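> Starting from these lines, generate the structure:
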Amino acid sequence: MQRAALSLLVILSLALPCAAQPDTHSANIDVRYSAQISNAGPGNCGCFSLQGGAADLFLNFIGIGANHGPGLGAAVDIGSEHTSSVNGAAYGLTLTTFTAGPRVVLRGHRLEPFGQALFGFAHGSNSSFPVGGSLAASANAFALDIGGAMDYYLNNRLSIRLVQADYLRTSLPNLGSNWQNNLRIAVGVTLHFGR
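Numbering: from 1, shown residues only. Next comes the predicted model:
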């Protein structure tokens, strides 16, 4: 599964410059604060929260950025959230994700919503993971990030990410299903190029 995700990331990174046409090309970079709710592992009850930051790069290669209407491109997202304790346990968690995939943008004058489906890797660290019959402080796994956001344009170069909501599913080892369901909410600032 990790090899398939890595292959997808390599293909996207090679295909984007080829697919982009000079007269339809636009890009943006977003930096945001994020808060996340995650489910606890087996034997623990309830959920726990994490906080951190994230950034993404989006390249639009279908649709003219200056015109209103839909656009299609690819996004690369990197995020990291942390908690010092998982439901009162003696260990915490730092969850770092690197994902990439398609994004559909509905272009408007001031408001610009988008939806995306990103795939890649999750790295859990500063925690306790069952790996190979013992406990490890870190682990790597597959990550799926499906969500959307709403940007509000202040001008052609700057917008505010009013809200971004993502369902993040990771497969870190946990003595159970090895799946974690996370809800991530974020706000931020986006710089636009070629719009």
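> Around residue 116, how many other residues sit close by?
24 (other CB atoms under 10 Å). Placement of C-beta: from N, CA and C, glycine included.
> Where does pLDDT dip in the chain?
Filtered on pLDDT under 70, the chain yields the residue ranges 1-25, 40-46, 64-69, 195.
> Just the element for the most centrally placed residue in the chain, please.
Nearest residue to the geometric centre of the chain (CA atoms, centre = their mean): residue 77, 4.7 Å. Assigned by DSSP states H and E, residue 77 belongs to strand 69-83.
> What's opposite the residue nearest to the centre of the chain in the beta bridge?
Residue 77 has these beta-bridge partners by DSSP bridges: residue 56, residue 99.
> can you check residue 146 too?
residue 117, residue 167.
> give the contact list for it.
116-118, 166-167 (CB atoms under 8 Å, 6 or more residues apart in numbering).
> redo that, cut-off 10 Å
Going by CB atoms under 10 Å, 6 or more residues apart in numbering, residue 146 touches 101, 115-119, 165-169.
> tell me which of the residues you listed is nearest to residue 54?
Comparing the contacts of residue 146 against residue 54 with CB to CB places residue 166 closest, at 9.1 Å.
> so how far is residue 136 from that closest one?
Using CB to CB, to the nearest Å, residue 166 is found at 26 Å from residue 136.
> what about these two, which has more around it?
More crowded of residue 166 and residue 136, by other CB under 10 Å: residue 166, with 24 against 14.
> Is the more buried one in contact with residue 81, as I believe?
No: Residue 166 lies out of contact with residue 81 (CB atoms under 10 Å); the separation is 11.4 Å.
> Overlap of the contact sets of these two?
Common neighbours of residue 166 and residue 81 are listed as 34, 36, 54, 97, 182, 184, 186 (criterion: CB under 10 Å, 6+ apart).
> Which parts of this structure are helices?
Using DSSP state H, the helices of the chain run over 2-19.
> For the most far-flung residue of it relative to its centre, give its distance to residue 55.
Computed with CA atoms, centre = their mean, the residue of the chain farthest from its C-alpha average is residue 133, at 30.8 Å. Note on residue 133: its distance to residue 55, by CB to CB, is 37 Å.
> what do you get for residue 27?
13 Å.
> of those two, who's got more company?
The residue with more neighbours, out of residue 27 and residue 55, is residue 27; 18 against 14, by other CB under 10 Å.
> Strands along this protein, start to end?
26-39, 47-62, 69-83, 93-107, 111-125, 129-131, 134-136, 139-153, 158-170, 180-193 (DSSP state E).
> picking up where we left off before, now for the contacts of residue 146, which pair is the farthest apart?
Spatial extent of the contacts of residue 146 (CB to CB) is set by the pair 119 and 165 at 18.0 Å.
> Mind checking which of these two has more residues around it?
Of the pair residue 119 and residue 165, residue 119 is the one with more neighbours under other CB under 10 Å, namely 19 against 13.
> Residue 169 versus that one, what's the distance?
Taking CB to CB as the measure, residue 119 falls 10 Å from residue 169.
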